[in-house]
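Visitor: Curious how this folds, go ahead:
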Amino acid sequence: MGIYEKGFERPSPIQEESIPIALTGSDILARAKNGTGKTAAFSIPAIEKIDQTKNAIQGTCACPQITRFSYDGSLLQFLVTFTSFDKWLRSSLVPSLRKH
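Guide: Modelled structure (predicted):
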């Protein structure tokens, strides 16, 4: 089943365009509407590029809102369940530096 459990059937346009570029190690700046698969577009290549022999931070994901943090973190955790490693993902909520 794998990622099909989350409703993936084929890559969305943002995923088709960005994943191959990200897998080469190039930086990407992309924009797409809500619900188009942006989180998976950066998560899948990030997971694929992890070198399990390195004991170091190999990627970060910054989320501007608690709701994004919750969604992105749960999707990342779900995606790593289909890998040979399952403990690489650590999430923490850092308080905003902006004064309300």
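Visitor: Name the residues of the longest helix along the chain that come out as buried.
Guide: Secondary structure of the chain per DSSP state H: the longest helix is helix 66-80. By 16 or more other CB atoms under 10 Å, the buried positions in helix 66-80 come out as 69, 72-73, 76, 79-80. C-betas here are computed from N, CA, C, even on glycine.
Visitor: ok, those residues vs residue 9, which is closest?
Guide: When the buried residues of helix 66-80 are ranked by distance to residue 9 (CB to CB), residue 79 comes first, at 15.8 Å.
Visitor: where does the residue positioned nearest the centre of the chain land in three-state SS?
Guide: Centroid-nearest residue in the chain, with CA atoms, centre = their mean: residue 43, separated by 2.2 Å. Here residue 43 is helix, with the state taken from DSSP: H, G, I helix; E, B strand; the rest coil.
Visitor: residue contacts, it?
Guide: By CB atoms under 8 Å, 6 or more residues apart in numbering, residue 43 lies in contact with 61, 72, 75-76, 79.
Visitor: Let's see that with 7 Å instead.
Guide: 75-76, 79 (CB atoms under 7 Å, 6 or more residues apart in numbering).
Visitor: cool, residue 48 as well?
Guide: residue 23.
Visitor: Next up, phi/psi of it, please.
Guide: phi -60, psi -30 (degrees, to the nearest 10).
Visitor: Could you report the pLDDT at it?
Guide: Residue 48 is assigned 86 on the pLDDT scale.
Visitor: neighbours of residue 40, just the number please.
Guide: 24 (other CB atoms under 10 Å).
Visitor: For it, pull up the helix or strand it's in.
Guide: Here residue 40 is covered by helix 38-48, with elements defined by DSSP states H and E.
Visitor: in that helix, what counts as buried?
Guide: Buried, per 16+ other CB under 10 Å, within helix 38-48: 38-47.
Visitor: name the helices or strands packed onto the least confident helix or strand in the chain by mean pLDDT?
Guide: Ranking every helix and strand in the chain by mean pLDDT, DSSP states H and E puts helix 66-80 at the bottom, with a mean of 76. Helices and strands touching helix 66-80, by 3 or more CB pairs under 7 Å, 6 or more residues apart in numbering; DSSP states H and E, are helix 38-48.
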